[in-house]
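[1] only the shape, not the letters, is given here:
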């Protein structure tokens with residue numbers, strides 16, 4: 001039986017996380033999506049997230065199969081929506097899921113959804129009842145994962161790091 005779970009990332013995971021993100025960068029480029037086509041996210045971003053205890057991986061039988069970041073509290077990118085509104089307002093108590101990426105070796109196994117589900121559990125355990133996420137308007141695969149995970153599209157935001165529009169989603173959990 002396959003063992004799959006979400007855990008906090010450690011420094012020893014950085015090379016594999018960077019490899020997965022670089023492959024994701026290439027996959028997005030192949031689809032004509034300009035998300036992650038610059039230096040972001042960099043190995044320094046990943047290390048900072050690990051140091052701040054907000055970086056997570058999905059582990060499959062001891063191998064890092066994917067990664068994501070769980071931002072806790074106000075996210076500067078979510079303070080000003082170009083279109084739409086957030087339930088509970090822009091300054092609500094929420095967590096935000098960022099940089100979801102799964103290795104091409106595990107593509108098609110539903111691990112993105114499992115990773116998001118694990119981060120929803122972490123959010124709940126940390127007392128967050130409002131969870132937010134965003135993705136590029138052309139990233140149909142991620143939009144499908146987000147909507148299939150139970151998020152509701154709320155509008156459009158503009159990211160500061162990549163200066164680009166993103167579809168913004170939200171879920172309220174108990």
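    Happy to help now that I have it. Quick caveat, the model's predicted, so the values are computed rather than measured.
[2] my read: residue 36 touches residue 24, true?
    Yes: using C-beta atoms under 8 Å, residue 36 makes contact with residue 24 at a distance of 6.6 Å. All C-beta atoms are positioned from the backbone trio N, CA, C, and that covers glycine.
[3] buried residues, stretch 132-143. List them.
    Buried residues in stretch 132-143, defined by neighbour count with 16 or more other C-beta atoms under 10 Å: 132-136, 139, 142-143.
[4] and it, how far apart are its ends?
    End-to-end distance for stretch 132-143: 13 Å, by C-alpha to C-alpha, to the nearest Å.
[5] returning to that earlier point: which of the buried residues of stretch 132-143 sits closest to residue 7?
    Using C-beta to C-beta, residue 133 is the member of those that lies nearest residue 7, at 19.8 Å.
[6] that closest one against residue 96, yeah?
    Yes: if you go by C-beta under 8 Å, residue 133 and residue 96 touch, sitting 6.5 Å apart.
[7] report the secondary structure state of the closest residue to residue 84 other than its chain neighbours.
    Leaving aside its sequence neighbours, residue 84 sits nearest to residue 155 (C-beta to C-beta, 6 or more residues apart in numbering; 1.8 Å). Classification of residue 155 using DSSP: H, G, I helix; E, B strand; the rest coil returns strand.
[8] the one 3 residues further on now?
    Secondary structure assignment for residue 158 (three-state DSSP): strand.
[9] and the pLDDT at it?
    Per-residue confidence at residue 158 stands at 93 (pLDDT).
[10] please name the bridge partners of it.
    Using DSSP bridges, the bridge partners assigned to residue 158 are residue 165.
[11] that older thread, how far away is the residue nearest to residue 84 from residue 4?
    If you measure residue 155 against residue 4 using C-beta to C-beta, to the nearest Å, the figure is 33 Å.
[12] again, but for residue 116
    With the distance defined as C-beta to C-beta, residue 116 ends up 13 Å from residue 4.
[13] what's the burial count for residue 62?
    The local packing count at residue 62 equals 6, with neighbours defined by other C-beta atoms under 10 Å.
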